[in-house]
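K.L.:
Sequence plus predicted model, see below.
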Amino acid sequence: MNWNSATEFFAMGGYGFYVWSAYAATAGVLALEAWLALRRRRRALAAAQEPQP
Amino acid sequence: MLALFNALVVRDLRLALRRRSEALLPIGFFVIAVALFPLGIGPEPQTLRAIAPGLMWVCALLATMLSVSSLYNSDHADGTLDQLMICGHGSFESAVVIAAARSAAHWALTGAPLVIAAPLFGLMFDLPPPTIAMLAFTLLLGTPILSLLGSVGAALTLGLRSAGVLVILIVLPLTVPALIFGTGAVAAAEGGQSAVAHCSLLGALLIFTLLTAPLASAAALRLAVE
Amino acid sequence: MKLFTFAAPSRFYALSGRVLPWLWISAAVLAYAGLYIGFFVAPTDAQQGEAYRIIFIHVPAAWMSMVIYLAMAFWAALGWVLNARMASMLARALAPSGMVFTLIALWTGAVWGKPAWGTWWVWDARLTSELILLFLYIGYLALTEAIDDPKRADRAGALVAIVGAVNVPVIYFSVKWWNTLHQGASVSLTAAPTMAHAMLLAMLLMTFAFWAYAFAVVFMRARAIVLERECGAAWVRGLSNPAMGQAA
C-alpha cells in the first residue's frame, strides 16, 4: 500500500490537481464518446424503422 | 504519354498567361504575408534574421495551398476534365499524366516565382548571402513537393463545398517533413555547418513524392469524375 | 473466425451486438486492475513524485491513437480493394475514436508536462508527432463528412488514410530530427522514469482496457453506420426496437 490515508491519496504528493484533472477529463471524454455512439445507434434504428409512406 | 504531358503543361501556361492577374495572386499573398510578420513582431533585426527562413517557408507553404484548390476546378466545371480523362481510353496512366502535368504547370506558376522572390526577401530580412542561397535552393527542392502534394488534395476535394479549407487540412500535415528538412538546411547553413544531410533528405523526399503523388492524384481524380 | 463472416452488414450487426456486453465487462475489469496496480502497488517515482501516475492513461491513449489510425487505414484500403462495404464502414467508425484518444494523449501530456517540466506544452518529438496525428485524423473526418456520396466518401477517405499511414514514419522521423536539432539533449516525457515492473504492468493493463473500450465504442458506432446505410433492407425493419415496443 502506498497511501496511509484517504487524504494522502487525494493529495497525490501535492500534484492532486494535475493527476485528478487528467483522469477526470479522460473519464469524462470517454463516457461522452460512448454515450454519443449509443445515441447515434438508437437514432439510426428509430429512423430505419419509420413506417414507410 | 509525353505528348499529352507537354500539351497539357503548355495549355495550362497559356491559360495562365491570359489571366495574368490570377496567376500572380499566390505571389501577392506571399509578399503580403511575409511583410506582415515584421509588422506584427517588431523590426528588431536579430529577431527577424532568426525567424526569416522558417517564416518564408511557411508562407510559401500557405501560398501554394491557397492556389492549389482551384487546380482542377475550372476544368471540372466545364467538362474538360472528363474529356481529358477519356483520352487514352480512361486508363490510369493518362490520369497520372494529367495529374503530373497539372502539378508541373502549378509549380512553374507558383513555386518557381517563389524561389525567385525569396532571395529578395532574404535581403529585406538582412540574411547573409550563403543563407539566402541555401534558402533559394531548399525552396527549389521543396516547392515541387508542395505542388505535388497540393494536387493530391485538390483532386480529393474536387467539387466539394469547402474545398479550399479541406485541402489545407488534409495536405499541411503531409508537408511537415519538407518544412523541417528545408528550414533545417537553412539553419545549418547559417550556423556554418554542413547542410548536406538536410538537402539529401529533402531531395529524397522530392523523388519519393514525384513517384507517388501523381499516382494518388490520379486515383483521386478518377474517384471525383466517376 | 472467417474474415468474410463479417462481410454482410446484417451478420456484423448481429454478432457485434452479442459481443458488446463482454467488451464492456472486459474494459471495466481491466481498467480496475490496471488502476489498482497503478495507484496502490506501483511505487512513487524518484524524480517526478506522484505526478507521473498520469502515465497510466497518457501512454495507453497515445498507443491506441496510433494503432487505431493503422487499423482505420487497413480497413479503408481493404474496403476499397475488395469492394467490401462493411470494411469501409468499420474504417469510418474507427476514425472518431482514434481522434478522441489522440486528444486524450495530448491533453494528459500537457497536464503531465506542467508539474514535470514547468510548462503546459513541450515541443518534444512524441507530443509534436501526436499533434500532427491529430491533424491527420481531422483531415480524414473533415473530408469524409464533406462528401455526401458514401462510396466516394469511403474511397477518398481510404486514399487520405493510406497516404497518411505511409507518411507517418516519415513525419515521425522528421519531427525527431527537428527536435534534436533545436534542443540538443532531447526532452522527452517518457524518457525519465525507469520503469518498475508494477508501473509497466499497470500501463499494459490500461492499454488492454482502452482496447476493449475502443472495440466496444467502435462496434457501437459501426452498428449505427450499418443502420444508417442499410435502412432500406428487410432485416433492418425486422429488428426489435425496445424504444418502440416492437417484438423481434
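P.N.:
Arrived safely, thanks for sending.
K.L.:
three-state assignment of the closest residue to residue B:108 other than its chain neighbours?
P.N.:
Among residues not flanking residue B:108 along the chain, residue B:13 sits closest, at 6.5 Å (Cβ to Cβ, 6 or more residues apart in numbering or on different chains). Glycine gets a C-beta too; all of them are placed from N, C-alpha and C. Residue B:13 carries the three-state label helix when classified by DSSP: H, G, I helix; E, B strand; the rest coil.
K.L.:
If you count neighbours, what's buried in the longest helix seen in chain A?
P.N.:
Ordering each helix of chain A by length in residues (DSSP state H) puts helix A:16-48 first. Neighbour counts over helix A:16-48 (16 or more other Cβ atoms under 10 Å in any protein chain shown) mark A:16, A:18-19, A:22-23, A:25-26, A:29-30, A:33-34, A:36-37, A:40-42, A:44-45, A:48 as buried.
K.L.:
Model confidence score at the residue nearest to residue B:108, please.
P.N.:
If you check residue B:13, the pLDDT there is 88.
K.L.:
Assess the claim that it and residue B:105 are in contact.
P.N.:
Yes. Residue B:13 is within contact range of residue B:105, at 5.9 Å (criterion: Cβ atoms under 8 Å).
K.L.:
out of these two, which sits in the more crowded spot?
P.N.:
residue B:105 (21 against 14; other Cβ atoms under 10 Å in any protein chain shown).
K.L.:
remind me which residues of the chain are low pLDDT?
P.N.:
As the question left the chain open, I've gone with chain A. A:1, A:51-53 (pLDDT under 70).
K.L.:
Hmm, no, I was thinking of chain B.
P.N.:
Using pLDDT under 70, chain B drops low at B:88.
K.L.:
rerun that using 50 as the cut-off
P.N.:
Along chain B, the model assigns pLDDT under 50 to no residue.
K.L.:
Now do the helices in it.
P.N.:
Using DSSP H, the helices of chain B run over B:2-18, B:20-41, B:45-68, B:73-77, B:80-86, B:92-106, B:112-124, B:129-156, B:163-190, B:196-225.
K.L.:
Any idea which residue is closest to the centre of chain C?
P.N.:
Central residue check for chain C by Cα atoms, centre = their mean: the C-alpha nearest the mean position is that of residue C:98, 3.3 Å away.
K.L.:
Can you tell me how far that residue is from chain A?
P.N.:
From residue C:98 over to chain A the distance is 11 Å, taken as Cβ to the nearest Cβ, to the nearest Å.
K.L.:
In contact with that residue, which residues?
P.N.:
C:64, C:65, C:68, C:69, C:72, C:137 (Cβ atoms under 8 Å, 6 or more residues apart in numbering or on different chains).
K.L.:
In three-state terms, how would it be classified?
P.N.:
With three-state DSSP as the criterion, residue C:98 reads helix.
K.L.:
buried ones in the worst-scoring helix or strand of chain C on mean pLDDT?
P.N.:
Sorted by mean pLDDT, DSSP states H and E, the helices and strands of chain C end with helix C:234-237, the least confident at a mean of 84. Neighbour-count burial for helix C:234-237 flags residue C:236 (criterion: 16+ other Cβ under 10 Å).
K.L.:
Residues in contact with that helix: which ones?
P.N.:
Helix C:234-237 has contacts (Cβ under 8 Å, 6+ apart) with A:48, A:49, C:10, C:227, C:230.
K.L.:
how about 6 Å then?
P.N.:
With Cβ atoms under 6 Å, 6 or more residues apart in numbering or on different chains as the test, helix C:234-237 has contacts from A:48, C:10, C:230.
K.L.:
now swap in stretch B:198-215 and tell me
P.N.:
If you take Cβ under 6 Å, 6+ apart as the criterion, stretch B:198-215 is touched by B:96, B:99-100, B:141, B:145, B:148, B:152, B:177-178, B:181-182, B:184-185, B:188.
K.L.:
what does chain A put close to chain C?
P.N.:
A:2, A:12-13, A:15, A:18-19, A:22, A:25-26, A:33-34, A:37-38, A:40-41, A:44-45, A:48-49 (Cβ under 6 Å from any Cβ of the partner chain).
K.L.:
Mind doing that once more with 7 Å?
P.N.:
Selection of chain A residues close to chain C by Cβ under 7 Å from any Cβ of the partner chain yields A:1-2, A:12-13, A:15, A:18-19, A:21-23, A:25-26, A:29-30, A:33-34, A:37-38, A:40-42, A:44-49.
K.L.:
low-confidence ranges in chain C?
P.N.:
Looking at chain C by pLDDT under 50, you get C:1-2, C:184-187, C:191-193, C:246-248.
K.L.:
Enumerate the residues of it near chain B.
P.N.:
C:132, C:135-136, C:138-139, C:142-143, C:146-147, C:152, C:155-156, C:159-160, C:163, C:167, C:170-171, C:174-175, C:177-178, C:181.
K.L.:
Kindly give a single PyMOL line that selects the buried subset of those residues.
P.N.:
Applying 16+ other Cβ under 10 Å to those, the buried members can be selected in PyMOL as follows:
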select buried, chain C and resi 132+135+136+138+139+142+143+146+147+152+155+156+159+160+163+167+170+171+174+175+177+178
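K.L.:
about what we covered before: go through the contacts of residue C:98 and flag which are in helices.
P.N.:
Counting by DSSP H, the contacts of residue C:98 place C:64, C:65, C:68, C:69, C:72, C:137 in helices.
K.L.:
can you redo those as JSON lines with neighbour count?
P.N.:
Listed next are the ones in helices among the contacts of residue C:98 as JSON lines, based on neighbours: other Cβ atoms under 10 Å in any protein chain shown:
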{"residue": "C:64", "neighbour count": "24"}
{"residue": "C:65", "neighbour count": "24"}
{"residue": "C:68", "neighbour count": "25"}
{"residue": "C:69", "neighbour count": "24"}
{"residue": "C:72", "neighbour count": "27"}
{"residue": "C:137", "neighbour count": "27"}
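K.L.:
so which of these comes closest to chain A?
P.N.:
residue C:64 (10.9 Å; Cβ to the nearest Cβ).
K.L.:
What distance do you get for that closest one to chain B?
P.N.:
In terms of Cβ to the nearest Cβ, residue C:64 sits 19 Å off from chain B.
K.L.:
you'd agree that residue is up against residue C:103?
P.N.:
No. Using Cβ atoms under 7 Å as the test, residue C:64 is too far from residue C:103 to be in contact (11.5 Å).
K.L.:
Quick one: residues contacting the residue in chain B positioned nearest to chain A.
P.N.:
Residue nearest to chain A within chain B: residue B:169 (21.6 Å; Cβ to the nearest Cβ). Going by Cβ atoms under 7 Å, 6 or more residues apart in numbering or on different chains, residue B:169 touches C:138, C:139, C:142.
K.L.:
ok, now with 10 Å
P.N.:
By Cβ atoms under 10 Å, 6 or more residues apart in numbering or on different chains, the contact list for residue B:169 reads B:65, B:153, B:157, B:162, C:135-136, C:138-143, C:160.
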